[in-house]
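K.L.:
quick one: sequence and predicted model below, then my questions.
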Amino acid sequence: MYRALLTTNFFVYRRYSPELRVFYIGGHHCKGTKPCTHEECFYTSSSKRIRELEAERPDATWEMFILGWANNRAELSELELTHIKAHIGEPDCLNLRASSKSTEGARSHRKRVEMVDHKGACISVKSSEFIRHIWLGFRATNKAPTVNLRNDRLGVTVLIAKNTIINHISALMETDWQFGHSSFYRQISSAEFKRTLRTTAATCNTKPMTLEAY
């Protein structure tokens, strides 16, 4: 779908397979980011069952229908729930419960993160311990130069450069930032991220970190 044709960026959809005669109802907030672009919305659904059916029956086709539009996340959740409740329990409905994922948004499900210690060994640490392990001298192993951080208290998420994390590690240790993201939260810029830290020259590391004992 061309995003210019969207009535709003919030919509409830119905994905239906004529061959399998099943459908799924969901909601989407199109931000123009992966899998979408600024020009087109390529979102299909987040249903695990649909992904399984696509793998089992690659010959089956799927059609996408817009059921309604919303102006914000709260309206999207309410509209999505209304449509699900109208069909939940029907034999061809893939929705398993009358609830809306749009109330909380997609959240990073990675509970552990692969990191490299000071000896070069790869280990798995809890996502909530990501910042502390950076402080200890561990490195993130993902190839991208940026990582997602989430702040549940502030309800914001940021895609930030690894070097920025290292440079502000002292302030990060005193705040509620952790590895991961939530699409329900507002995504902020690097400048806004630094403001949440209330950093000063004293809390910004400008020299390479010294590995602490652990």
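P.N.:
It's in.
K.L.:
break this structure into its domains for me.
P.N.:
3-103, 112-197 (automatic domain parsing).
K.L.:
would you turn those into CSV with mean neighbour count?
P.N.:
Glycine gets a C-beta too; all of them are placed from N, C-alpha and C. Converted to CSV, the domains of the chain look like this (neighbours: other CB atoms under 10 Å):
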stretch, mean neighbour count
domain 3-103, 15
domain 112-197, 16
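K.L.:
could the ones you listed be laid out in CSV, adding mean pLDDT?
P.N.:
Putting the domains of the chain into CSV (pLDDT from 0 to 100) gives the following:
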stretch, mean pLDDT
domain 3-103, 86
domain 112-197, 85
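K.L.:
run through the residues that contact F130.
P.N.:
113, 115, 140, 178-179 (CB atoms under 8 Å, 6 or more residues apart in numbering).
K.L.:
what's the spacing between it and E90?
P.N.:
Separation of F130 from E90 (CB to CB, to the nearest Å): 43 Å.
K.L.:
now the helices for the protein?
P.N.:
48-56, 73-87, 130-135, 162-167, 169-173, 190-197 (DSSP state H).
K.L.:
can you verify my assumption that F65 contacts Y13?
P.N.:
Yes: F65 is within contact range of Y13, at 6.4 Å (criterion: CB atoms under 8 Å).
K.L.:
pretty sure H29 contacts N9?
P.N.:
Yes: between H29 and N9 there is a contact at 6.0 Å, judged by CB under 8 Å.
K.L.:
okay, and the common contacts of the two?
P.N.:
Going by CB under 8 Å, 6+ apart, no residue sits against H29 while also sitting against N9.
K.L.:
and the gap between the closest residue to I131 other than its chain neighbours and R198?
P.N.:
Distances taken as CB to CB, 6 or more residues apart in numbering place L172 nearest to I131, at 5.1 Å, with adjacent residues excluded. Distance of L172 to R198, given as CB to CB: 12 Å.
K.L.:
kindly report the same for N71.
P.N.:
Distance from N71 to R198, by CB to CB: 33 Å.
K.L.:
repeat that for A74.
P.N.:
30 Å.
K.L.:
same question for F138.
P.N.:
25 Å.
K.L.:
ditto for R57
P.N.:
According to CB to CB, R57 and R198 sit 54 Å apart.
K.L.:
how about the strands in the protein?
P.N.:
For the chain, the strands defined by DSSP state E cover 10-17, 22-29, 63-70, 112-116, 122-126, 139-140, 146-151, 156-161, 177-179, 186-187.
K.L.:
S47: which of the ones you listed is closest?
P.N.:
Closest approach to S47 among these is made by strand 22-29 (4.7 Å; CB to CB).
K.L.:
was I right about R49 contacting A55?
P.N.:
No: look at R49 against A55 with CB under 8 Å: they stay out of range, at 10.8 Å.
K.L.:
how about the helices of the chain, which one is nearest L96?
P.N.:
Distance to L96, taken as CB to CB, is lowest for helix 48-56 among the helices of the chain, at 8.0 Å.
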